[in-house]
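> take this sequence and fold it.
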Amino acid sequence: MKCLVILSHPNPESYNHALAGKTVDTLKKTGHDVIFHDLYAEQFDPVLPKGEEHLPEPQLPPVIQNYLREFKEAEGIVFLHPNWWGSPPAVLRGWIERIVRTNSCYNFTESGVRSYVGGKIVQIFSTSNTPKEIEEKVYGDPIETYWRTVVFGVLGCRSFSRRNFGPIIVSTPEERRTWLNEAETIMKEKFAL
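Below you'll find the predicted structure:
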């Protein structure tokens, strides 16, 4: 299976990077073809330039064409990111805006949205410093809503799941090791051949 893994965290020493390493390693060891992008390391520009949303694919900047091709071809997608103010980091939101394009990934029709990329297996790994109870009861779990309802509710998918790890800021090394093992298990089960 061709799997696209997108990491969005600026600190190479972050737990998100550890999760990304475990994710990529597990996918490769289980026989998948993995494409990995660290959006901060690649200095991805999240700003959608004026007029780009209307350009045909062959006229897009080469870097955008490449990401778009990889996204469309991937059978499995994994996004890894922290929860910053109830949302993925701006660089990842900008990636979605520039890559998940009308006429390429979906279109609007009289009967609703028509997706061209809906058959993917999607896994979201997020991290947070906010306790789960507060995230869900006070804030309404905005990360879950963003991915499940806003993005993949529109695009559709074969399978969707999200696992949030945290609170990171007060976690112990043992908890983090346990979570890495859990992430490995999730990847093996979700992307079983």
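
> show me where the chain has helices.
Here the chain has its helices, by DSSP state H, at 15-29, 62-73, 90-99, 132-137, 142-144, 152-155, 173-190.

> now the longest one: average pLDDT?
If you average the pLDDT over helix 173-190, you get 98.

> now the angle from that helix to helix 15-29?
Going by axes from the mean of the first three to the mean of the last three CA atoms, to 10 degrees, helix 173-190 is angled at 40 degrees with respect to helix 15-29.

> so which residues make contact with helix 173-190?
Helix 173-190 has contacts (CB atoms under 8 Å, 6 or more residues apart in numbering) with 15, 18-19, 22-23, 26-27, 30, 76, 78, 121, 123, 125, 159, 161, 163, 165, 171. The way it works is simple: take the backbone N, C-alpha and C, and place the C-beta from them, glycine included.

> buried residues, that helix. List them.
Trp179, Leu180, Ala183, Glu184, Ile186, Met187 (16 or more other CB atoms under 10 Å).

> so what's Lys132 scoring on pLDDT?
pLDDT at Lys132 comes out at 89.

> again, but for Ala41
98.

> that one: what's it in contact with?
Ala41 makes contact with Pro12 under the criterion CB under 8 Å, 6+ apart.

> redo the helices of the chain as a markdown table? Include distance to Val47.
Listed next are the helices of the chain as a markdown table, based on distance: least, CB to CB, whole Å:
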| stretch | distance to Val47 |
| --- | --- |
| helix 15-29 | 22 |
| helix 62-73 | 12 |
| helix 90-99 | 6 |
| helix 132-137 | 29 |
| helix 142-144 | 22 |
| helix 152-155 | 22 |
| helix 173-190 | 31 |
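
> let me know the closest of the buried residues of helix 173-190 to Ile99.
Ile99 lies nearest to Met187 out of the buried residues of helix 173-190, by CB to CB, at 22.6 Å.

> which of the helices of the chain sits closest to Asp45?
Asp45 sits nearest to helix 90-99 of all the helices of the chain, at 7.4 Å, using CB to CB.

> and that closest one, how far out from the chain middle?
With CA atoms, centre = their mean, to the nearest Å as the basis, helix 90-99 stands 10 Å off its chain's centre.
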